[in-house]
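Next input, structure requested:
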Amino acid sequence: MLKLFFGGSFDPIHLGHIVSAQQLLAATHATDITLLPNALSPLKEKQFSAARHRKQLLELALSDYPQLNIDWREVERGGHSYTCDTLKQLAGEYPHQALGFVMGLDSFNHLDKWRDWQTLCDYAHLIVIARPGYHLQVSEQLSQWLEARQCTDLSELSAHNNGKVYFCQLQEMDMSSSEIRQLLQNQPNLDLLKNQLSEKVLDYILQHKLYGA
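The predicted structure is shown next:
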């Protein structure tokens, strides 16, 4: 069976993350999905809230979803988070398990800027989800790498522990953490935010005045 890991900053976690995770479970028939919040992406300058707040927000957001887990190893490790290191570690912990690392198409388009990106499929499958407004636009080098690994048959993900790239079409959820942070800074529209954040998460953000709220 397939075990999924969903990397990202989740700064903050929003309902789009939750719905995408649930849809991924249904679409891939995975046993569960684990969110992997990073300490600091090498392609981003900073996180926008302290790790302790992100941790609390994630725990609040996932408290009602037993199939959604959290793995804090990258935050606890500190510094820049390199997916190649994390996947190598996870593959060692689950040597007989098919693993899938979930990423957005926007991130996949720049995969060849990641550290040791060619090795990622040595440890896990890549599950790429489409997001509104993004299309596959990759370099020639990445295109050739993808051609040798892309699969369209879902059963291949369970038949092999790693090595495949699978593009997964999900229901469009047009929301992003960056847009939510902007909304919070500009005299928050609570009705709009309630459609994008769980009640527990929104209450915590307002209580602790995160993201300029």
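
where in the protein is pLDDT low?
40-47, 131-132 (pLDDT under 70).

can you map out the helices along it?
Under the criterion DSSP state H, the chain contains helices at 15-28, 51-62, 73-77, 83-93, 105-108, 140-147, 155-159, 177-185, 190-194, 199-207.

quick one, phi psi at the residue lying farthest from the centre of the chain?
If you look at how far each residue of the chain sits from its centre, by C-alpha atoms, centre = their mean, the farthest one is Gln187, at 28.2 Å. Per-residue torsions, Gln187: phi 50, psi 80 (degrees, to the nearest 10).

ok, it - contacts?
Listed by C-beta atoms under 8 Å, 6 or more residues apart in numbering, the contact set of Gln187 is empty. In this view, the C-beta of every residue, glycine as well, is placed from N, C-alpha and C.

picking up where we left off before, would you turn the helices of the chain into JSON lines with mean neighbour count and distance to Asp122?
As requested, the helices of the chain are arranged in JSON lines below (neighbours: other C-beta atoms under 10 Å; distance: least, C-beta to C-beta, whole Å):
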{"stretch": "helix 15-28", "mean neighbour count": "18", "distance to Asp122": "20"}
{"stretch": "helix 51-62", "mean neighbour count": "18", "distance to Asp122": "28"}
{"stretch": "helix 73-77", "mean neighbour count": "16", "distance to Asp122": "19"}
{"stretch": "helix 83-93", "mean neighbour count": "17", "distance to Asp122": "8"}
{"stretch": "helix 105-108", "mean neighbour count": "20", "distance to Asp122": "17"}
{"stretch": "helix 140-147", "mean neighbour count": "13", "distance to Asp122": "12"}
{"stretch": "helix 155-159", "mean neighbour count": "15", "distance to Asp122": "15"}
{"stretch": "helix 177-185", "mean neighbour count": "17", "distance to Asp122": "30"}
{"stretch": "helix 190-194", "mean neighbour count": "12", "distance to Asp122": "41"}
{"stretch": "helix 199-207", "mean neighbour count": "16", "distance to Asp122": "36"}
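
and of these, who's closest to Ala213?
Nearest of these to Ala213, taken as C-beta to C-beta: helix 177-185 at 4.4 Å.

what is the orientation angle of that closest one with helix 15-28?
Interaxial angle, helix 177-185 versus helix 15-28 (axes from the mean of the first three to the mean of the last three C-alpha atoms, to 10 degrees): 150 degrees.

I'd like to know which elements helix 177-185 is packed against.
Contacts defined by 3 or more C-beta pairs under 8 Å, 6 or more residues apart in numbering; DSSP states H and E place helix 177-185 against helix 190-194.

quick revisit: tell me which of the helices of the chain sits nearest to Ala39.
Closest among the helices of the chain, once you apply C-beta to C-beta, is helix 73-77, at 5.0 Å.
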